[in-house]
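Student: Quick one, fold the following:
(one chain, ligands or ions: 1)
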Amino acid sequence: MSENTDLTVPATSEPPEIVPAPASLVPHLHEVAILLDIDGTLLDLAPTPREVWVPPGLAETLNLLLQRTSGALALVSGRSLNDIDLIFAPEVYPAVGGHGAEMRLAGGSEADAVKAPPLDKELKRRLAAIARLSPGILLEDKGYSLALHYRLAPQAEKVIYEEVSRIRAELPGAPIEVLPGKCVCEIKHAGFTKASGVRELMRHAPFAGRRPFFIGDDVTDETVFAIMPDFAGLSFSVGRRALGVDGHFDAPDDVRAFLAQLAGSGTNSIASR
Ligand SMILES: O=P(O)(O)OC[C@H]1O[C@H](O[C@H]2O[C@H](CO)[C@@H](O)[C@H](O)[C@H]2O)[C@H](O)[C@@H](O)[C@@H]1O
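Tutor: Below is the predicted model of the structure:
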């Protein structure tokens, strides 16, 4: 990609090999909103959800970017806000959690919106029984959704999806949907996605009126890639070259280095280095 100080870099079907240096990407931090997926983007993937690790320096980078964007940085995750806070403790960041089920506009405040009621108890009980079909299947209960993780039991993928389909077929009118992720099958209420969460976030200060750039790695992040043009924003995929994105990172390590460079630009304007 050539040097470009305009955020509206045209989307191409072939994402560029490298992400432009921050200075050529973002003209002014006070004009942008930085939206970041967590697992597989900010953090390296781990064998189980509890084993993720926040590397040294990342919180400092995020705090600097928060400061320099006047608070317009948010984590956009499939994890619940509660889980996000435990991972990044003692830091508390603005966030869209639970694939759009929850939203918090400012760190340190309560959730500003919770879109989803708890998943029906009996349904959860039936879905949870799937874990008994193979050792290594892990359950993650987010209240409004239930995730069945099979990273430690990859052979169980087929049976998990078959069983989930069977249970769903018995509940034809239930307002639920199945969300596939990385070695995870999540059953959640229909009607909200990461994209709906980001749209809601972008309606409020300090995000409203800014140009977002979003970095994400998973299938669930594609809903956000798709809406970035609506905000004259940019999207970047991690680990794979997603179609329609403006750039690509090989691994979370590269995302962290990019953000550290952005945070360390030393001025509020990073148009020139
Ligand atoms: O939207 P994200 O922030 O990327 O969250 C997506 C899911 O992340 C977690 O699961 C994934 O990461 C785990 C730790 O690396 C890994 O063990 C698992 O296989 C991945 O699916 C989290 O547990 C889920 O709730 C999130 O939806």
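
Student: contacting residues around the closest residue to Ala101 other than its chain neighbours?
Tutor: The shortest distance from Ala101 to any residue that is not its chain neighbour, by CB to CB, 6 or more residues apart in numbering, is 4.1 Å, and that residue is Ala116. All C-beta spots, glycine's among them, are computed from the backbone N, C-alpha and C. Taking CB atoms under 8 Å, 6 or more residues apart in numbering as the definition of contact, the neighbours of Ala116 are Gly98, Ala101, Glu102, Tyr144, Ser145, Lys188, His189, Gly191, Phe192.

Student: Let me know how buried the closest residue to Ala156 other than its chain neighbours is, in neighbour terms.
Tutor: Leaving aside its sequence neighbours, Ala156 sits nearest to Ser134 (CB to CB, 6+ apart; 3.9 Å). Burial of Ser134, expressed as a neighbour count using other CB atoms under 10 Å, amounts to 16.

Student: is it true that Arg132 lies in a helix?
Tutor: Yes: looking at Arg132 with DSSP: H, G, I helix; E, B strand; the rest coil, it is inside a helix.

Student: how long is stretch 206-214 end to end?
Tutor: This stretch, stretch 206-214, spans 16 Å end to end (CA to CA, to the nearest Å).

Student: scratch that, stretch 232-244
Tutor: With CA to CA as the measure, the first residue of stretch 232-244 is 14 Å from its last.

Student: follow-up on the earlier one: which one of the contacts of Ala116 has the most neighbours?
Tutor: For the contacts of Ala116, neighbours tallied by other CB under 10 Å; top is Gly98, 30 neighbours.

Student: Just to check, it is in contact with Asp141?
Tutor: No: between Gly98 and Asp141 there is no contact, the gap being 11.5 Å when judged by CB atoms under 8 Å.

Student: one step back: now for the contacts of Ala116, which pair is the farthest apart?
Tutor: Farthest-apart pair in the contacts of Ala116 is Glu102 and Gly191; separation 13.7 Å (CB to CB).

Student: Find the residues that touch each one of these two.
Tutor: Between them, Glu102 and Gly191 have Lys115, Ala116 as joint contacts when contacts are counted by CB under 8 Å, 6+ apart.

Student: What score does the residue nearest to Ala101 have for pLDDT?
Tutor: Per-residue confidence for Ala116 comes out at a pLDDT of 82.

Student: doesn't it fall inside a strand?
Tutor: No: judged by three-state DSSP, Ala116 forms no part of a strand; its state is coil.

Student: ok so, going back, would you agree the residue nearest to Ala156 is in contact with Gln155?
Tutor: Yes: Ser134 is within contact range of Gln155, at 7.0 Å (criterion: CB under 8 Å).

Student: Does the nearest residue to Asp85 once chain neighbours are set aside belong to a helix, a strand or coil?
Tutor: Nearest residue to Asp85, sequence neighbours excluded (CB to CB, 6+ apart): Val92, at 5.6 Å. Judged by three-state DSSP, the three-state class of Val92 is coil.

Student: And Glu222, by the same measure?
Tutor: Reducing the assignment to helix, strand or coil with three-state DSSP, the entry for Glu222 is helix.

Student: any idea how far it is from the ligand?
Tutor: Distance of Glu222 to the ligand, given as CB to the nearest ligand atom, to the nearest Å: 12 Å.

Student: and that residue, how many neighbours does it have?
Tutor: Glu222 is flanked by 18 other residues according to other CB under 10 Å.

Student: Could you report the distance from the nearest residue to it once chain neighbours are set aside to the ligand?
Tutor: Nearest non-adjacent residue to Glu222, counting by CB to CB, 6+ apart: Ala242, 6.4 Å away. Ala242 sits 14 Å away from the ligand when distances are taken as CB to the nearest ligand atom.

Student: Ala242 looks like it's in a helix, true?
Tutor: No: secondary structure assignment places Ala242 outside any helix; it is coil (three-state DSSP).

Student: re earlier: let me have the contacts of Ala116 in TSV, extended by distance to the ligand, secondary structure and pLDDT.
Tutor: Putting these into TSV (distance: CB to the nearest ligand atom, whole Å; DSSP: H, G, I helix; E, B strand; the rest coil; pLDDT from 0 to 100) gives the following:
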residue	distance to the ligand	secondary structure	pLDDT
Gly98	8	helix	96
Ala101	11	coil	94
Glu102	12	strand	95
Tyr144	12	coil	92
Ser145	8	strand	95
Lys188	9	strand	95
His189	14	strand	92
Gly191	17	coil	89
Phe192	13	coil	92
